Every structure is written in structure tokens, then in C-alpha cells.
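Peer 1: Based on what follows, work out the 3D shape:
(chains A and B)
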Number of protein chains: 2
Amino acid sequence: MSVTDELLANNADYAARFSGPLPLPPAKHVAVLACMDARINVYGVLGLQEGEAHVIRNAGGVATDDAIRSLAISQRLLGTEEIVLIHHTDCGMLTFTDDGFKKSIQDEVGIKPPWAAEAFTDLEDDVRQSIARIRNSPFVPKKDSVRGFVFDVATGKLAEVS
Amino acid sequence: MSVTDELLANNADYAARFSGPLPLPPAKHVAVLACMDARINVYGVLGLQEGEAHVIRNAGGVATDDAIRSLAISQRLLGTEEIVLIHHTDCGMLTFTDDGFKKSIQDEVGIKPPWAAEAFTDLEDDVRQSIARIRNSPFVPKKDSVRGFVFDVATGKLAEVS
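Peer 2: The predicted model follows:
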């Protein structure tokens, strides 16, 4: 049995306990942008329930153009107002460089990715970089509460980046 | 108190029960690409535990270039092998068009977004479109298990798209 089949079996248990449907707009009017890291269970970490917050995730939790697209849709069409950014300790994005990662792909498949890999060398600086990108974007209208945090994978705690 | 402050208070409860750290690579070698919709608690829907799977999310759960970037990092650097795509019923992406959304932003702030909004008109077709983009990408090496599902927000069930 593949892992995907195992997860589908888990879904039958989830559906058996499920009560829905909930409304489309997030009840708490908040959007979270977090790293894809397997150890960050966003609903658990923030005590969120189904229906409360948009959750956007990518490698690094970086405010890429695609994250800005998602935030623009979240705020402009679905009424979110606060943004919570989550990076984390022991992040894979600290272990390589954009140049090295892209060269390894080019060496192997002959094509260099046209995108930035978005690796970084300092966690807090990259949180600040993502906040700055959001604040600078003309497509995200609500910027009164854009706050960034580092999740400690050893303790489960969030520390705010100032 | 802002919602963000409320979520931080929830995090203190989470950290009090937390046992870590777990290893960086996802234990189940799987990456999930899902819509940011607030009603999809990916860990709950798939019965995942902390540390088991990468979770990538954006507006629509679409295989954008940024999702491909995340999948490339997930597979090439952190050993995931299976990909699970999740779209869902009652999706906001069915309620607008790229042209309309971008024109509304241009009318309001004077700048037209240089990215596609990635709206779609048929859920299952867009799952197939995302699968096709992944299968066609030279940057994602492992394609033996790329499967797509629609999550029903009324029942909690996943239905596979063939």
C-alpha cells in the first residue's frame, strides 16, 4: 500500500467524525504564511479550528509572488485582515544556496530553473524580508497587522521577529 | 486583543504539550499541495502527524511555478517521493476570472498584477491541469505517484480525480 492510500484510509476516519459545511470566508479574518516544513502543524501551533484562517505554505514560508497572489485573493475577495508569517529553526532553506541548487538541477536535467530558489542564510532577516515584500506590494491592501515569527522545532514555541 | 495575539496565546498551550524535535526530512516521504481554504485542515483530513509530510498551500492548490519550486526542494533535498493534490468543493477560485480580478486591482491601485490569478471554472479539470504541470516539469524528478483529489467541504471526504 502506498503512503497516499494510507492517507486516504485516514480520511475515511476523519469524514466519519466530520461536521460541515462551514462558510467560505475565514471566520477569524487572518491569513497565515508558513514554511512547508513537515514539523509545522499550523492548525495545532496556532490553536486554529477548521474554517478560521487561510493557510498559505511554501518552501521557506517566503513572500514570493505566488504567496502575494494568494494574500491578494485572501484579503480582497475573502475578507482577511491580519497576516501571520512563520519561519522555523532547523529550516532546510538554510542548508543550500540558490546558485548551487539551480546548478545541480541544470547539471542533471540540462535546464536551469527560471525561478529563484529563495534559500536564505539568516532566519530572522528572511522573516523581515518577507514582511518588507508584503508591505511593499500594491496588491495586498491591508497591512496594519503583518507580524512575523520563528517557530522553534525543539520547543513548539513561536518567537516574534522585531 | 488582535486575532494574532489570540493565536499566540493558543501557541503557549501547544508548546506546553509539545515533544520535539523531530527530524527535518518528512517521515512519510510525501508532499501535499492543497488550497489555502480555511476549511481544509490538511493534518486532520489526511490523519497526518507532525513530521510526516511537507504541506504546500496556495490560493486554489494550483501547481504554480512557486509550488513547483517547493516540490523540487521537497523531492531533491528532502527525499519526498509521492505527491497528493487537494482542491475542494465551494472553492473561491470558481467565483471570479483572472481578467476581472486583475482589472479590479488595476482600477483601484493603478497597477495590473504581472501574475496569473489562477482562477478556474471546473474543479476536476483544474486538478488535472495541476497534475499535468507537475508531470511536465523537468524540475520535479519523482512522478510515479502524483494523485489528485477533491475535498468535499460538506462531508470531509476526498474523491480522487481520474
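Peer 1: Poorly predicted segments of chain A, please.
Peer 2: Counting by pLDDT under 70, chain A contains no low-confidence residues.
Peer 1: And the strands in it, which stretches?
Peer 2: For chain A, the strands defined by DSSP state E cover A:30-35, A:53-58, A:82-88, A:145-151, A:158-160.
Peer 1: among these, which is nearest B:Ser70?
Peer 2: B:Ser70 lies closest to strand A:53-58 among the strands of chain A, at 4.7 Å (C-beta to C-beta). Every C-beta, even on glycine, is put in place using the N, C-alpha and C of the backbone.
Peer 1: Would that closest one count as contacting chain B?
Peer 2: Yes. Judged by C-beta under 8 Å from any C-beta of the partner chain, strand A:53-58 and chain B are in contact via A:53-58.
Peer 1: can you check stretch A:101-113 too?
Peer 2: Yes. Stretch A:101-113 comes into contact with chain B (C-beta under 8 Å from any C-beta), by way of A:101, A:104-105, A:109-111, A:113.
Peer 1: next one: that stretch to chain centre, how far?
Peer 2: 25 Å (C-alpha atoms, centre = their mean, to the nearest Å).
Peer 1: CA-only coordinates of it in CSV, if you can.
Peer 2: Extracted as CSV, the C-alpha positions of stretch A:101-113 are listed here (Å, rounded to 0.1, in the frame of the first residue of the first chain):
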residue,chain,number,x,y,z
PHE,A,101,20.6,24.3,-6.1
LYS,A,102,19.9,25.6,-9.6
LYS,A,103,23.3,24.4,-10.9
SER,A,104,22.6,20.9,-9.5
ILE,A,105,19.4,20.8,-11.5
GLN,A,106,21.0,22.2,-14.6
ASP,A,107,23.8,19.7,-14.4
GLU,A,108,21.3,16.8,-14.0
VAL,A,109,18.4,17.7,-16.4
GLY,A,110,20.0,20.3,-18.6
ILE,A,111,17.6,23.1,-17.8
LYS,A,112,18.2,25.9,-15.2
PRO,A,113,15.1,26.8,-13.3
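Peer 1: List the contacts of that stretch.
Peer 2: Under the criterion C-beta atoms under 8 Å, 6 or more residues apart in numbering or on different chains, residues A:117, A:119, B:69, B:72-73, B:76-77, B:138-139 lie in contact with stretch A:101-113.
Peer 1: And the residues you listed, which is closest to A:His87?
Peer 2: The shortest approach to A:His87 among the contacts of stretch A:101-113 belongs to A:Ala119, at 12.6 Å (C-beta to C-beta).
Peer 1: For the closest one, grab the count of nearby residues.
Peer 2: Burial of A:Ala119 is recorded as 22 neighbouring residues (other C-beta atoms under 10 Å in any protein chain shown).
Peer 1: residues contacting it?
Peer 2: For A:Ala119, counting by C-beta under 8 Å, 6+ apart, the contacting residues are A:60, A:93-94, A:96-98, A:101.
Peer 1: Apply the buried test to those residues and list what passes.
Peer 2: When the contacts of A:Ala119 are checked for burial by 16 or more other C-beta atoms under 10 Å in any protein chain shown, the buried set is A:60, A:93, A:96, A:101.
Peer 1: would you list those residues in a markdown table and tack on distance to B:Gln49?
Peer 2: Below are those laid out as a markdown table (distance: C-beta to C-beta, whole Å):
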| residue | distance to B:Gln49 |
| --- | --- |
| A:Gly60 | 22 |
| A:Met93 | 23 |
| A:Phe96 | 27 |
| A:Phe101 | 28 |
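Peer 1: Out of those residues, the closest to chain B would be?
Peer 2: A:Phe96 (6.6 Å; C-beta to the nearest C-beta).
Peer 1: Alright, that wraps it up for me.
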